[in-house]
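Got a predicted model here, sequence first, then my questions.
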Amino acid sequence: MEKLVMEYTVLLKDNLPASSKFWALEQRIKLDKNKPGVILNLSKQQMLFDIIRLINDGVITMDDLLDFSDDLRDYVKEVMSSIGD
């Protein structure tokens, strides 16, 4: 969330009219509030996809998964590499 706050700060410091900044910020918050770094509904069925979304959004890194099983880390790497293709 700290990253988002910094991005909002840059937006608010722009030389646009106040109304433009307000509506741009409102739109960003509307989109960002559903990102996994802001809110995450956890379920076992969605765990892999949640981990991948957290990595893609820069909330966590693969290093954060070191305490997880090798199988899980390998599967995450495999899925992420197939997404990148």
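That came through fine.

Need the pLDDT of Pro36.
Per-residue confidence at Pro36 stands at 64 (pLDDT).

Which pLDDT value belongs to the residue most central in space within the chain?
Nearest to the mean C-alpha position of the chain, by C-alpha atoms, centre = their mean, lies Asp57 at 2.9 Å. The score at Asp57 is 83. That number is its pLDDT.

With Gly84 instead?
pLDDT at Gly84 comes out at 68.

Same question for Asp74.
Reported pLDDT for Asp74: 93.

got it, and Leu40?
pLDDT, Leu40: 67.

returning to that earlier point: wait, the residue nearest to the centre of the chain touches Lys35, no?
Yes. Judged on C-beta atoms under 8 Å, Asp57 makes contact with Lys35 at a distance of 5.7 Å. C-betas here are computed from N, CA, C, even on glycine.

May I have the residues that are in contact with Val38?
Going by C-beta atoms under 8 Å, 6 or more residues apart in numbering, Val38 touches Met1, Leu4, Asp32.

and if you look at Asp14?
By C-beta under 8 Å, 6+ apart, the contact set of Asp14 is Lys21.

Could you tell me how far it is located from Lys3?
Remark: distance between Asp14 and Lys3 (C-beta to C-beta, to the nearest Å) = 18 Å.

can you pull the pLDDT of the residue of the chain positioned farthest from its centre?
The centre of the chain is farthest from one residue, Pro17, which by C-alpha atoms, centre = their mean lies 28.7 Å away. Confidence at Pro17, expressed as pLDDT, is 94.

what about it, distance to Ile29?
Distance from Pro17 to Ile29, counting by C-beta to C-beta: 19 Å.
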